[in-house]
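Trainee: next one to model:
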Amino acid sequence: MTLDSIPGSSGYLDSFPERRITYFSNGYVLGLTVVAGIGGVISGALLYIKDDFEEVRNSNFLQETIVSMAQVGAIIGAATGGWINDRFGRKKATLLADVIFAVGSFVMAAAPDPYVLILGRLLIGLGVGVASITAPVYIAEAAPSEVRGGLVSTNVLMITGGQFLSYLINLAFTE
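Mentor: Below is the predicted model of the structure:
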């Protein structure tokens, strides 16, 4: 099969016009945005964490550490993500990030004290950091040239939209 295409184009969308999608009519993409929004921001959960752990209620340092430890993990994960991608490949790096994120979630859910919760936040941050390096590269490598920029931009848009949605959810819980 040969594809007639213009230079810089794979001819993919010209050959398969039925595969064109709009991002906001795609239920899967919108569902991912909602899921990202539900789990994205700790500020609303901190209110309930203070109720569960008296140490956290009495210590601004512990509150700040719980909130910021995911960012510390994300910095470390992003810094090592390039090496992980080069060494193991994009798919394995994505799976590794998913496993680290899941382990961090279980650690946080079972945390008997705030220090274990901090460890869980660090693990989640590591997973997010590796995924934030891996996902855009994998999308760009796998996508046809006609939709590559749109897909990578949509990835960023959905992450940002999920964060905004999570702030709205937190607002609803605090009111």
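Trainee: for this structure, give me the ranges with low pLDDT.
Mentor: Residues of the chain meeting the criterion pLDDT under 70: 1-44, 175.
Trainee: that one: strands as residue ranges?
Mentor: Remark: strands of the chain are absent; assignment by DSSP state E.
Trainee: quick one: the helices in it?
Mentor: With DSSP state H applied, the chain shows helices at 12-15, 27-39, 43-52, 54-58, 60-88, 90-109, 114-142, 148-174, listed in chain order.
Trainee: can you lay out these as a markdown table showing mean neighbour count?
Mentor: For every residue, glycine as well, the C-beta is placed using N, CA and C. Supplementary listing: the helices of the chain in a markdown table, determined by neighbours: other C-beta atoms under 10 Å:
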| stretch | mean neighbour count |
| --- | --- |
| helix 12-15 | 14 |
| helix 27-39 | 14 |
| helix 43-52 | 14 |
| helix 54-58 | 13 |
| helix 60-88 | 16 |
| helix 90-109 | 16 |
| helix 114-142 | 20 |
| helix 148-174 | 15 |
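Trainee: find the nearest non-adjacent residue to the residue nearest the centre of the chain, please.
Mentor: Centre of the chain computed as the mean C-alpha position; nearest residue by C-alpha atoms, centre = their mean is Val128, 5.3 Å away. On the basis of C-beta to C-beta, 6 or more residues apart in numbering, the spatially nearest residue to Val128 that is not a chain neighbour turns out to be Ala74, at 4.9 Å.
Trainee: separation between the one you found and Gly129?
Mentor: Separation of Ala74 from Gly129 (C-beta to C-beta, to the nearest Å): 4 Å.
Trainee: then Arg121?
Mentor: 12 Å.
Trainee: can you give me the end-to-end span of stretch 55-65?
Mentor: One end of stretch 55-65 to the other measures 12 Å (C-alpha to C-alpha, to the nearest Å).
Trainee: Gly162 versus the nearest residue to Leu62 once chain neighbours are set aside, what's the distance?
Mentor: For Leu62, ignoring the flanking residues on the chain, the nearest one in space by C-beta to C-beta, 6+ apart is Val56 at 4.8 Å. As judged by C-beta to C-beta, Val56 and Gly162 stand 26 Å apart.
Trainee: could you do Arg148 as well?
Mentor: Taken as C-beta to C-beta, the span from Arg148 to Gly162 is 22 Å.
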